[in-house]
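**Student:** 3D, please:
(one chain, ligands or ions: 1)
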Amino acid sequence: MDICVYCSSSDAVDSKYLESARVLGRAIGSRGHSLIYGGAAVGSMGAVARGTQETGGRIIGVIPEKLYGFGLFFDGVDEKIVTGTMRQRKEVMESRAGGFIALPGGLGTMEEFFEVMVLKQLGYHSKAVVFVDLDGFYEPLMEFLEKLYKENFMKDGTRSQYAVVHDPLAALDYLENYVPEAAESKWFKHP
Ligand code: AMP
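**Tutor:** As a prediction, this is how the structure comes out:
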């Protein structure tokens, strides 16, 4: 499977985040998958790519021209896709991937991951999406989502459209065993 990983581009985060990205990358390669990601050599992005490379996994890096110009691209990719815009980059990653994993990350990670969750909620795809809640990183976000469920901004059925696991290997297990379900309507008063 081509597995899309969204994760931090920061080198300044605690080493546990970088290490778990590397563990995920190593498992992607050793379990016969490919990595599709934002193409950078920095932060958890670089760590997941180097991990995949260490175990012989194929790496597809998708990066917009502007960021490519910053010189942060990981030169070990097997396939380099340079897009005109950020939107095109997300589109390529979304359409090529068989499933999506969010490791801890910043605004870029949140934006990308929320987009694939929204597309799934609206029935544009039925691929697996999973958060890696390493050491409770995503707990505040999950608490916020609980508020959205409680106050009917989101339907309870949405819960089954994403998973939360606590380590990167469990995320890979989830993707490998995922059976797509038909999406329930997003709306409360609509068929
Ligand atoms: P952030 O979580 O804010 O560090 O942003 C990381 C996410 O945004 C990644 O999943 C990438 O797809 C994208 N991204 C951020 N910075 C870069 C970069 N320098 N090169 C490529 N993609 C990046």
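**Student:** Quick check: residues of the chain near the ligand?
**Tutor:** 6-10, 38-40, 45, 63, 67, 72, 105-109, 112 (C-beta under 6 Å from any ligand atom). C-beta here means a position set from N, CA and C on the backbone, and glycine is covered the same way.
**Student:** can you do 5 Å?
**Tutor:** Taking C-beta under 5 Å from any ligand atom as the contact definition, the chain meets the ligand at 6, 8-9, 38, 40, 63, 67, 72, 105-109.
**Student:** In CSV, list those along with secondary structure, neighbour count and pLDDT.
**Tutor:** Compiled in CSV, those are given as follows (DSSP: H, G, I helix; E, B strand; the rest coil; neighbours: other C-beta atoms under 10 Å; pLDDT from 0 to 100):
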residue, secondary structure, neighbour count, pLDDT
Tyr6, strand, 27, 98
Ser8, coil, 24, 97
Ser9, coil, 19, 96
Gly38, coil, 27, 96
Ala40, strand, 22, 96
Ile63, strand, 24, 95
Leu67, helix, 18, 90
Leu72, coil, 17, 90
Gly105, coil, 25, 98
Gly106, coil, 13, 98
Leu107, helix, 7, 97
Gly108, helix, 17, 95
Thr109, helix, 20, 97
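**Student:** out of the residues you listed, who's nearest Val23?
**Tutor:** Taking C-beta to C-beta as the measure, Val23 lies nearest Ser8 of the residues of the chain next to the ligand, at 14.8 Å.
**Student:** ok, what's across the strand from Asp2?
**Tutor:** Beta-bridge partners for Asp2, by DSSP bridges, are Ser34.
**Student:** Helices of this structure, start to end?
**Tutor:** For the chain, the helices identified by DSSP state H occupy 15-30, 43-54, 65-68, 86-96, 107-121, 139-150, 168-177, in order along the chain.
**Student:** Out of those helices, which gets nearest to Ser160?
**Tutor:** Taking C-beta to C-beta as the criterion, Ser160 comes closest to helix 107-121 out of the helices of the chain, the separation being 10.5 Å.
**Student:** just checking, what packs against the closest one?
**Tutor:** Contact here means 3 or more C-beta pairs under 8 Å, 6 or more residues apart in numbering; DSSP states H and E; on that basis helix 107-121 packs against strand 2-6, helix 86-96, strand 99-102, strand 128-132.
**Student:** Columns distance to Glu151 on top of the ones you listed, output as a markdown table?
**Tutor:** Output for the helices and strands packed on helix 107-121, formatted as a markdown table (distance: least, C-beta to C-beta, whole Å):
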| stretch | distance to Glu151 |
| --- | --- |
| strand 2-6 | 27 |
| helix 86-96 | 29 |
| strand 99-102 | 24 |
| strand 128-132 | 21 |
